[in-house]
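>>> need coordinates for the below:
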Amino acid sequence: MEHFGFWSILPPLLAIGLAIKTRQVFVSLLFGIWFGWVVLSGGNPFTGTLATIQALVDVFKEPGNTRTIMFSALVGALIAFVQRSGGVDGFIHYVNRLLQAVEKKKKGNSRRIVQLLAWITGFSIFVESSINVLTVGSIFRPLFDRLKIPREKLAYIADSISAPTCILIPLNAWGAYIMGLLLAQGLENPLHIMIRAYPLNFYPFLAMFIVLTVILLQKDFGPMRKAEERAIKEGKVLADGATPMISNEIVSLEIKDNVRAKARNMLVPIITMVVMMPIGLVYSGWDQVKDSVQLSLGEHLFQAVGNGSGSTAVLWAVLTALTVAAIMYRTQKIFKLNEIIDLTFKGIGGLIPLALLMMMAFAIGKVCRDLGTGIYIAELSREWLSPHFVPVIVFLVSCFIAFSTGTSWGTFAIMIAIGIPMAQAMDVSIPLTVGAVLGGGVFGDHCSPISDTTIISSMASASDHIDHVKTQLPYALLGGTIAALLYLIAGFI
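Model (predicted):
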């Protein structure tokens with residue numbers, strides 16, 4: 001049985017609904033996982049409960065999951081390092097001098113400039129979405145707090161430029177993964193199709209344009225407007241009763257006494273992490289490239305990236321960054337060895353909640369695959385597809401699958417396998433169909449409360465997760481609506 005019909009979509013929908021209603025993400029995800037395994041167990045709550053426990057344990061059977069969870073926890077150590085060493089304070093001092101140099105008398109210029117710097121920083125980090133979000137959040141959170149910009153706004157900016165940047169500049173695992181999916185469909189020149197599809201991938205362009213417009217015009221609407229008014233009038237970067245998705249010990253970690261703040265104590269470790277990501281992809285995938293044909297160095301590098309392990313690359317990246325940071329701080333006599341070890345464990349401890357959420361995100365993704373959630377949604381859509389409406393419907397179905405499952409990559413795998421044969425059979429543009437799948441996957445992943453990118457955005461900005469989802473949703477829906485209209489028009493051209 002490929003899917004469980006209507007029961008296939010209930011677990012993710014229940015998890016999403018409960019998360020929005022109760023604001024308890026852990027409980028909501030756990031309930032969704034449990035309900036899914038009850039369905040898989042034939043409706044038996046007892047065996048479903050036992051299966052849920054085993055499923056959470058089995059998350060660690062997959063090396064990629066374990067590496068990703070380790071990476072999520074170790075990033076806490078890096079955040080603690082760069083704050084305690086004075087790296088963050090040094091960077092803030094540097095940006096403050098920059099703001100003073102360019103700031104005019106017009107009120108609000110500092111707020112606009114620091115948000116624009118956050119956008120530019122995120123746009124420049126295209127190697128991996130998690131590194132993108134974590135870098136923007138950890139660097140700019142203190143600056144946003146000082147200028148009384150709500151944490152929800154930082155989470156929105158970080159989230160809106162992470163996946164869109166990575167998919168629009170495909171010199172990373174995203175591009176290699178998508179090309180692999182196209183190759184699996186038997187297409188002769190998948191790279192050519194992927195290149196032609198990118199201008200038709202409307203949603204990422206719109207998401208980045210909307211957030212840039214909001215920053216430049218300083219005009220907000222919906223819940224974000226209320227958050228801005230609260231921060232400006234009351235000086236509260238978080239709403240009353242909000243629960244930041246990071247330990248306060250990590251967020252408020254102060255520079256060590258008698259240590260001079262230096263921006264390089266933050267920039268060098270973070271740049272090291274960013275640079276190590278593509279190196280890790282190439283190294284882990286180099287030996288996996290088939291030598292049956294003669295390849296140029298460039299072709300070998302590209303295929304190596306495609307065959308590389310993303311989870312291995314990010315783990316190596318953060319471990320290298322921690323090692324570089326430890327050597328730097330020890331050389332500067334900022335920390336002794338025992339202080340470095342204690343700070344590492346303190347940082348990891350602050351991100352244990354994130355590691356648990358990542359574990360649950362993997363578990364609910366597994367139960368959705370076993371239930372056939374994506375396959376069921378895709379099959380439903382086939383009954384009312386027509387050639388002119390293929391692009392917009394493929395986009396909308398991809399949106400729903402990604403929103404329900406919290407994964408854009410999983411959506412790409414499902415919908416490319418369905419959309420390309422459909423486009424071929426109905427004589428619809430394949431690049432346009434591919435663009436619709438990619439845009440829908442990014443949109444759903446952008447909006448979903450159970451998406452790992454959305455969760456990491458809340459964590460990196462120390463924002464309340466549900467507040468982040470609620471304030472971001474109107475902007476995402478605006479971009480999604482415009483994208484849907486563009487696909488509808490494109491289908492008739």
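
>>> going by C-alpha atoms from here, please, whenever you check contacts or count neighbours.
Fine.

>>> now do the contacts for Val437.
Val394, Phe395, Ser398, Thr411, Phe412, Met415, Ile416, Gly419 (Cα atoms under 8 Å, 6 or more residues apart in numbering).

>>> swap the cut-off to 7 Å and go again
Val394, Phe395, Ser398, Phe412, Met415, Ile416 (Cα atoms under 7 Å, 6 or more residues apart in numbering).

>>> return a PyMOL selection command for the buried portion of those residues.
Selection command for PyMOL covering only the buried members of these, criterion 16 or more other Cα atoms under 10 Å:
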select buried, resi 394+395+398+412+415+416
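
>>> which elements pack onto the helix or strand where Ile279 lies?
For Ile279, the host element (DSSP states H and E) is helix 264-286. Packing partners of helix 264-286 (3 or more Cα pairs under 7 Å, 6 or more residues apart in numbering; DSSP states H and E): helix 87-102, helix 297-307, helix 310-331.

>>> chain center to the lengthiest helix in the chain: distance?
Using DSSP state H to define each element, the chain has its longest helix at helix 465-492. How far helix 465-492 lies from its chain's middle: 17 Å, per Cα atoms, centre = their mean, to the nearest Å.

>>> how about the helices and strands packed on helix 264-286, which one is nearest Glu152?
helix 87-102 (19.9 Å; Cα to Cα).

>>> quick check: what element follows that closest one along the chain?
As assigned by DSSP H and E, the chain's next helix or strand after helix 87-102 is helix 109-124.

>>> buried ones in that next one?
In helix 109-124, counting by 16+ other Cα under 10 Å, buried: Ser110, Arg111, Arg112, Ile113, Val114, Gln115, Leu116, Ala118, Trp119, Thr121, Gly122, Phe123.

>>> quick one: contacts of that helix?
Contacts for helix 109-124 (Cα under 7 Å, 6+ apart): 99, 103, 132, 136, 140, 147, 157-158, 161-162, 165, 215-216, 218.

>>> average pLDDT across it?
Mean pLDDT, computed over helix 109-124, is 84.

>>> same thing with stretch 393-410?
82.

>>> leaving out chain neighbours, which residue sits closest to Arg330?
Nearest non-adjacent residue to Arg330, counting by Cα to Cα, 6 or more residues apart in numbering: Lys336, 6.3 Å away.

>>> Leu343 versus the one you found, what's the distance?
Here the distance between Lys336 and Leu343 works out to 11 Å (Cα to Cα, to the nearest Å).

>>> likewise for Tyr475?
In this view, Tyr475 and Leu343 are 38 Å apart by Cα to Cα.

>>> who has more neighbours, these two?
A direct count of neighbours by other Cα atoms under 10 Å for Tyr475 and Leu343 places Tyr475 higher, at 23 against 20.

>>> now the more buried one, nearest residue through space, not along the chain?
Nearest to Tyr475 is Ile210, by Cα to Cα, 6+ apart, at 7.2 Å.

>>> mind showing which ranges of the stretch 51-200 of the chain have poor pLDDT?
Per-residue confidence for the stretch 51-200 of the chain (pLDDT under 70) gives these ranges: 96, 99-108, 126-128, 130-131, 170-173, 175-177, 180, 184, 188-189, 191.

>>> quick one, helices of it?
Secondary structure of the stretch 51-200 of the chain by DSSP state H, counting those that start in this stretch: the helices cover 63-84, 87-102, 109-124, 129-146, 151-168, 173-184, 190-197.

>>> so of the ones you listed, which one's packed in deepest?
Counting by mean count of other Cα atoms under 10 Å, helix 151-168 has the highest mean neighbour count of the helices of the stretch 51-200 of the chain, with a mean of 28.

>>> return the list of helices and strands in contact with that helix.
helix 109-124, helix 129-146, helix 173-184, helix 202-217, helix 452-460, helix 465-492.

>>> how far does stretch 144-156 sit from the chain's center?
18 Å.

>>> how long is it end to end?
The first-to-last residue distance of stretch 144-156 comes to 13 Å (Cα to Cα).

>>> and Lys366, how far is that from Ile416?
Using Cα to Cα, Lys366 is found at 19 Å from Ile416.

>>> before we move on, what about Met179?
Met179 sits 11 Å away from Ile416, going by Cα to Cα.

>>> who touches Ser85 in this structure?
Here Ser85 is in contact with Ile255, Lys256, Asn265, Ile334 (criterion: Cα under 7 Å, 6+ apart).

>>> follow-up on the earlier one: in the longest helix of the chain, what counts as buried?
465-476, 479-480, 483-484, 486-488, 490-491.

>>> is it true that Gly241 lies in a strand?
No - per DSSP: H, G, I helix; E, B strand; the rest coil, Gly241 lies outside any strand segment and is coil.

>>> count of neighbours near it?
Neighbours of Gly241 (other Cα under 10 Å): 7.

>>> now Ile149
A count of neighbours around Ile149, defined by other Cα under 10 Å, yields 25.

>>> correct me if wrong: it contacts Val237.
Yes - under the criterion of Cα atoms under 7 Å, Ile149 makes contact with Val237 at 6.1 Å.

>>> now for these two: what residues contact both?
Ala231.

>>> what's the burial count for Leu432?
By the criterion of other Cα under 10 Å, Leu432 has 25 neighbours.

>>> could you do the one 3 residues further on as well?
For Gly435, the count of nearby residues is 28 (other Cα under 10 Å).

>>> cross-check the contact I'm expecting between it and Asn201.
Yes - contact criterion Cα under 7 Å: Gly435 and Asn201 qualify, at 4.2 Å.

>>> below-threshold pLDDT in the stretch 351-493 of the chain: ranges please.
For the stretch 351-493 of the chain, applying pLDDT under 70 flags the ranges 354, 357-358, 374, 377-378, 381-385, 417.

>>> for Ala263, phi and psi?
Main-chain torsions, Ala263, degrees, to the nearest 10: phi -60, psi -30.

>>> who's in contact with it?
By Cα under 7 Å, 6+ apart, the residues touching Ala263 are Gly87, Val88, Gly90, Phe91.

>>> same question for Ile341.
Contacts of Ile341 by Cα under 7 Å, 6+ apart: none found.

>>> what about the residue nearest to Trp286 when sequence neighbours are not counted, how many neighbours?
Using Cα to Cα, 6+ apart and skipping residues adjacent in sequence, the residue nearest Trp286 is Ala304, 4.7 Å away. Neighbour count for Ala304, taken as other Cα under 10 Å: 23.

>>> hang on, Ala304 packs against Val289?
Yes - the criterion here is Cα under 7 Å, and Ala304 meets it with Val289 at 6.0 Å.

>>> and Pro164, how far is that from Ile414?
With distances taken as Cα to Cα, Pro164 is found 20 Å from Ile414.

>>> what separates stretch 340-355 from the chain centre, distance-wise?
21 Å.

>>> CA atoms only: put it into PDB for me.
The C-alpha atoms that make up stretch 340-355 are tabulated as PDB, following Å, rounded to 0.1, in the frame of the first residue of the first chain:
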ATOM      1  CA  ILE A 340      37.400  26.100  26.700                       C
ATOM      2  CA  ILE A 341      36.000  22.700  27.700                       C
ATOM      3  CA  ASP A 342      33.600  24.200  30.200                       C
ATOM      4  CA  LEU A 343      32.400  26.800  27.600                       C
ATOM      5  CA  THR A 344      31.900  24.000  25.000                       C
ATOM      6  CA  PHE A 345      29.600  22.000  27.300                       C
ATOM      7  CA  LYS A 346      27.700  25.200  28.400                       C
ATOM      8  CA  GLY A 347      27.100  26.100  24.700                       C
ATOM      9  CA  ILE A 348      26.000  22.600  23.800                       C
ATOM     10  CA  GLY A 349      23.700  22.500  26.800                       C
ATOM     11  CA  GLY A 350      22.000  25.700  25.600                       C
ATOM     12  CA  LEU A 351      21.100  24.100  22.300                       C
ATOM     13  CA  ILE A 352      19.800  20.800  23.600                       C
ATOM     14  CA  PRO A 353      16.200  21.900  23.000                       C
ATOM     15  CA  LEU A 354      17.100  22.500  19.300                       C
ATOM     16  CA  ALA A 355      18.700  19.100  19.100                       C
END
